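# just to be clear, the model below is a prediction. Sequence and coordinates:
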Amino acid sequence: KLVQMLLEAGCGIDKPNGRKGAQSTALHGAAFGGHSDIVALLIRKGAQQVPNLHGDTPLEDCDHSEAPAKDKDKCRKELMGAAPRVTSCASPAKVEPEAAVGNDSGSTSQ
């Protein structure tokens, strides 16, 4: 409920956590904690799977988590079913799914 309230209040969904440290986003934190319900909410609201300053994506943070295996599995499923990850923390431009996987004609859309 708190995360929902913060999002409704206009808090930046992809804003890194502070000026020091790994510059992880809320999605990183939720994934690391094994909070699949929050991961799902953030993804539904448009959170991007950007890497932090260490190059870790939320999926990688989930894999490194000490959360119970069942919670990690739920988070992993949410993250893997989401939109393709973006490759730059500095420029979290949305990537069209076709561009991420290519198409049969050999060209990709941008």
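Sure, I can see it. All of these numbers come straight from a predicted model, not from anything done at the bench. Numbering: from 1, shown residues only.

# in stretch 36-43, what's buried?
Neighbour counts using 16 or more other C-beta atoms under 10 Å place Ser36, Ile38, Val39, Ala40, Leu41, Leu42, Ile43 of stretch 36-43 among the buried residues. Just so you know, the C-beta spots here come from the backbone N, C-alpha and C atoms, and that holds for glycine as well.

# model confidence for the first one, exactly?
According to the prediction, Ser36 has pLDDT 94.

# so which bits of the strand or helix carrying Cys62 are buried?
Taking DSSP states H and E as the criterion, Cys62 maps to helix 58-64. Burial within helix 58-64, assessed by neighbour count using 16+ other C-beta under 10 Å, is assigned to Pro58, Leu59, Glu60, Asp61, Cys62.

# helix/strand/coil for the spatially most central residue of the chain?
Nearest to the mean C-alpha position of the chain, by C-alpha atoms, centre = their mean, lies Gln49 at 3.1 Å. Three-state assignment for Gln49 (DSSP: H, G, I helix; E, B strand; the rest coil): coil.

# phi, psi of it?
phi -90, psi 70 (degrees, to the nearest 10).

# how far away is it from His35?
15 Å (C-beta to C-beta, to the nearest Å).

# circling back: kindly export the helix holding Cys62 (C-alpha atoms) in CSV.
Provided in CSV are the C-alpha atoms of helix 58-64 (Å, rounded to 0.1, in the frame of the first residue of the first chain):
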residue,chain,number,x,y,z
PRO,A,58,16.8,-6.0,-11.0
LEU,A,59,16.8,-9.6,-12.2
GLU,A,60,20.5,-10.0,-11.2
ASP,A,61,19.7,-8.5,-7.8
CYS,A,62,16.9,-11.0,-7.4
ASP,A,63,19.3,-13.8,-8.2
HIS,A,64,21.8,-12.5,-5.6
